[in-house]
Each structure stands twice: as structure tokens, then as C-alpha cells.
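> okay, structure incoming, though there's no sequence with it:
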């Protein structure tokens, strides 16, 4: 107070920045409370129970990304969609073969025989009277079965083939779209990591700017406008750094999900 370096317009400018900072703080607190409540709901905790995070820092997971082709291959091997489609295609192919076989006759043959002997009983040699206690015979039985359904079997074949072709198209679509999804998430991760490093360095530089601008203002060689612009830029760079860090960690989790396994 009473500083000769402060003009009345500087005070108005400080009030303007204070209002903007208050709004951003209220918006950040709103997002924090919403995320806090959502996290408790996901963990099954009652709304009135509070908890403290074990680590309040903002860690940067320094996983080294491999080439994009590696993750595309991992997705083809580990994604459950590909496994399910392969099994479904095998099952549907068997249904098609079964439907086709129903149009043709089925042949069968069987060997039959029987032997029985009862001591002390007379043996009957009459072809018209069977002797269940003294006999011996054998033979072969053959036959064929053919269902005449007047086009119903063909309709079943066409339906089974249509389902099979549908699965083939689904697999082709997955083979085209899933690599595109993996590539997009991969590039998002690369871009987010670049932004993290860029804004981290920028935040460090603007922090030095703030210190220098405040020192110049105290010594009377700097203006309040320079100091406030430095503080504003520092807040922007720090905020963008945190946002980029969030996008980076989120894209890592999305990449892990996209390839069906962990990325580290």
C-alpha cells in the first residue's frame, strides 16, 4: 500500500484478473467434486464417506511406445472380438456343411449276431419257430435314409450361408476398423506426450518470468501489467500442462483397452 509504482488503473486490472481467477477456481472445484463423487460411486462407497488419495502428485507414466505395427498386431491377437468371430465362423461353417449334407441320402450298415446255448434242452430245427435258448446266427443290415422336403433343405442352406457371409463381413469390418482405432489412439498418445513436455517446459519458463516481473515491479523498473501478464501466462501454461497430462494418461488406458492387453 502507498507504493509509488502502482497506478489506479493497475488496481482495476488486478480486480479484473481476480474475478477471472475466482471463476476458474469455482469451475475447477466443481469438476473436482463431481469426479470425487463419481469415483466413490464406482468403488461402491457411500456418499457420506470420505477418503484421501495415497498420492496427490500428478505422475507421468513413462512407458516407451513401440512402433504402431506392434500394437496393431497385438490387437489382432488379443482383442476378444477377433477371437469370438473366429469361433463363430468355425461354428457357422459346420452348420453350413450340416445343412448341405441333409440334401443327400444317408447310408448305414450294421452287423448283427446272436448265440445262445442251453444244456439239457432239445434243439429245434424249425425255421418257423425261434429257439431263444439254443441258436446261433449272424448277418449284416444295410439301409439308406433320404429326406424329400421339396426345397426346405435348400432354404436352410441359404440361411446358413447368409449367416456365414454376415460373419465374414463383420470380421472384414473389424480387421479394417480396429487398426484404425488403434492408430488414432496411438497418435493421440504421441500428441499428448509432446504437449505434456512442451507445456511443462513452458510452465517452468513462465514461472521464472513471474519471479523476474515481480522483482522488477518491486524495484520500480517494471509495470504491474508485465507482472499480471506473466502470472496469467503461467496459469495458462500450468493448466494446459495438467490437461495434457490427463489426456496422455487417458490415451494410454485407451490404448491398453484397444489392443486387449497392458501396454507395459
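Right, received. Where do you want to start? This structure is a prediction, so every number in the text was calculated from the model and none was measured. Numbering: from 1, shown residues only.
> now do the strands in the stretch 1-150 of the chain.
Taking DSSP state E, counting those that start in this stretch as the criterion, the stretch 1-150 of the chain carries its strands at 106-116, 135-145.
> can you say which helix or strand has the residue nearest in space to the middle of the chain in it?
In the chain, the residue lying closest to the centroid (Cα atoms, centre = their mean) is residue 257, at 3.6 Å. Element membership for residue 257 (DSSP states H and E) is helix 224-259.
> I'd like the average pLDDT over that helix.
What helix 224-259 shows for mean pLDDT is 86.
> residues of that helix that come out buried?
Along helix 224-259, these residues count as buried under the neighbour rule (16 or more other Cβ atoms under 10 Å): 224, 226-231, 233-235, 237-238, 240-242, 244-245, 247-249, 251-252, 254-256, 258-259. C-betas here are computed from N, CA, C, even on glycine.
> again, but for stretch 190-208
192-193, 195-196, 199-200, 202-203, 206-207.
> distance to residue 176, secondary structure and pLDDT added to these, as JSON lines?
Below are the buried residues of stretch 190-208 laid out as JSON lines (distance: Cβ to Cβ, whole Å; DSSP: H, G, I helix; E, B strand; the rest coil; pLDDT from 0 to 100):
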{"residue": "192", "distance to residue 176": "25", "secondary structure": "helix", "pLDDT": "91"}
{"residue": "193", "distance to residue 176": "27", "secondary structure": "helix", "pLDDT": "90"}
{"residue": "195", "distance to residue 176": "29", "secondary structure": "helix", "pLDDT": "92"}
{"residue": "196", "distance to residue 176": "31", "secondary structure": "helix", "pLDDT": "90"}
{"residue": "199", "distance to residue 176": "35", "secondary structure": "helix", "pLDDT": "90"}
{"residue": "200", "distance to residue 176": "37", "secondary structure": "helix", "pLDDT": "90"}
{"residue": "202", "distance to residue 176": "39", "secondary structure": "helix", "pLDDT": "91"}
{"residue": "203", "distance to residue 176": "41", "secondary structure": "helix", "pLDDT": "90"}
{"residue": "206", "distance to residue 176": "45", "secondary structure": "helix", "pLDDT": "90"}
{"residue": "207", "distance to residue 176": "47", "secondary structure": "helix", "pLDDT": "90"}
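> redo these as JSON lines? Include distance to residue 95.
Conversion of the buried residues of stretch 190-208 to JSON lines gives the following (distance: Cβ to Cβ, whole Å):
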{"residue": "192", "distance to residue 95": "46"}
{"residue": "193", "distance to residue 95": "48"}
{"residue": "195", "distance to residue 95": "51"}
{"residue": "196", "distance to residue 95": "52"}
{"residue": "199", "distance to residue 95": "57"}
{"residue": "200", "distance to residue 95": "58"}
{"residue": "202", "distance to residue 95": "61"}
{"residue": "203", "distance to residue 95": "62"}
{"residue": "206", "distance to residue 95": "67"}
{"residue": "207", "distance to residue 95": "68"}
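> which among those gets closest to residue 34?
Closest approach to residue 34 among those (Cβ to Cβ): residue 192, at 22.3 Å.
> ok, the closest one touching residue 247?
Yes: applying Cβ atoms under 8 Å, one finds residue 192 in contact with residue 247, separated by 4.2 Å.
> picking that back up, I'd like to know which elements the helix holding residue 257 is packed against.
helix 8-42, helix 68-78, helix 152-218 (3 or more Cβ pairs under 8 Å, 6 or more residues apart in numbering; DSSP states H and E).
> just put the ones you listed in a markdown table and tack on distance to residue 94.
Listed next are those as a markdown table, based on distance: least, Cβ to Cβ, whole Å:
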| stretch | distance to residue 94 |
| --- | --- |
| helix 8-42 | 42 |
| helix 68-78 | 24 |
| helix 152-218 | 10 |
